[in-house]
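>>> Structure here, sequence nowhere to be found:
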């Protein structure tokens, strides 16, 4: 997506509680080492319909089979100035409560001269460890040398409901905390 087109997308997000996540966040965190297909936007439930309207589409309840898991959300996919965009929020109260931690810890970064929010790296790595698909494990390896807040990693792992499994996976992968490993390899 070209600079002016991205600027237009960011304008559509103005005033909304959002963060870029998944593949696009990986792209930003790896400084382009990991490419992306679509731009994924996690957005607060109160704002999903506003964004959909701004992008000329409608958000709806969805059930998506990802092969290894099923996702049920409220969201939409659209083409904005030649770029595929997918925006999502959770459809149930329990999941929305979990999103609060993500929104409370989102990070402000600069991309194409625009200040934007991305999901916290701690949530990203925990989600990748949770799903543990081949591409997720490859993504973890790409960011395993980054600085992580260990207590926040643990909070997100607890949020995902399988803290012990996630921590074990991260230990196995040797994910580091600053200059030290977050968790000792077993």
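Great, that's in hand. Treat the numbers as computed from the prediction; the structure is a model and nothing was measured. Residues are numbered from 1 along each chain as shown.

>>> drop to CA atoms for contacts and neighbour counts, all remaining ones
Noted.

>>> ok, and what's touching the longest strand belonging to the chain?
For the chain, the strand that runs over the most residues, judged by DSSP state E, is strand 70-80. Outside strand 70-80, the residues that touch it by Cα atoms under 8 Å, 6 or more residues apart in numbering are 9, 48, 52, 55, 57-65, 84-91.

>>> Do a quick rundown of the strands in the protein.
Ranges of strands within the chain are 18-21, 39-43, 60-65, 70-80, 83-90, 107-111, 114-118, 176-177, 180-181, based on DSSP E.

>>> any weak-confidence spans in this protein?
For the chain, the stretches flagged by pLDDT under 70 are 93-94, 176-186.

>>> Show me how it divides into domains.
Under the assignment automatic domain parsing, the domains of the chain span 3-119, 123-181.

>>> could you redo the ones you listed as a markdown table and give each row mean neighbour count?
A markdown table is the format used below for these (neighbours: other Cα atoms under 10 Å):
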| stretch | mean neighbour count |
| --- | --- |
| domain 3-119 | 16 |
| domain 123-181 | 18 |
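
>>> So which residue is smack in the middle of the chain?
The residue lying closest to the centre of the chain (Cα atoms, centre = their mean) is residue 21, at 2.6 Å.

>>> Run through the bridge partners of that one.
residue 40 (DSSP bridges).

>>> need the contact list for it.
Residue 21 touches 40, 41, 42, 118, 119, 124, counting by Cα under 8 Å, 6+ apart.

>>> 7 Å - rerun?
40, 41, 42, 118, 119 (Cα atoms under 7 Å, 6 or more residues apart in numbering).

>>> Likewise for residue 83?
The contact partners of residue 83, by Cα under 7 Å, 6+ apart, come to 1, 38.

>>> how near is it to residue 58?
17 Å (Cα to Cα, to the nearest Å).

>>> can you check residue 73 too?
Per Cα to Cα, residue 73 is found 14 Å from residue 58.

>>> cool, and residue 47?
Taking Cα to Cα as the measure, residue 47 falls 12 Å from residue 58.

>>> cool, residue 65 as well?
For residue 65, the distance to residue 58 equals 21 Å [Cα to Cα].

>>> swap in residue 79?
Distance from residue 79 to residue 58, counting by Cα to Cα: 13 Å.

>>> what does residue 3 give?
Residue 3 sits 26 Å away from residue 58, taking Cα to Cα as the criterion.

>>> Likewise for residue 158?
The gap separating residue 158 from residue 58 is 33 Å, by Cα to Cα.

>>> now the helices for this structure?
All helices of the chain, identified by DSSP state H, fall at 3-13, 22-29, 45-54, 93-104, 121-131, 134-143, 150-159, 163-173.

>>> wait, which of those is closest to residue 111?
helix 22-29 (7.9 Å; Cα to Cα).
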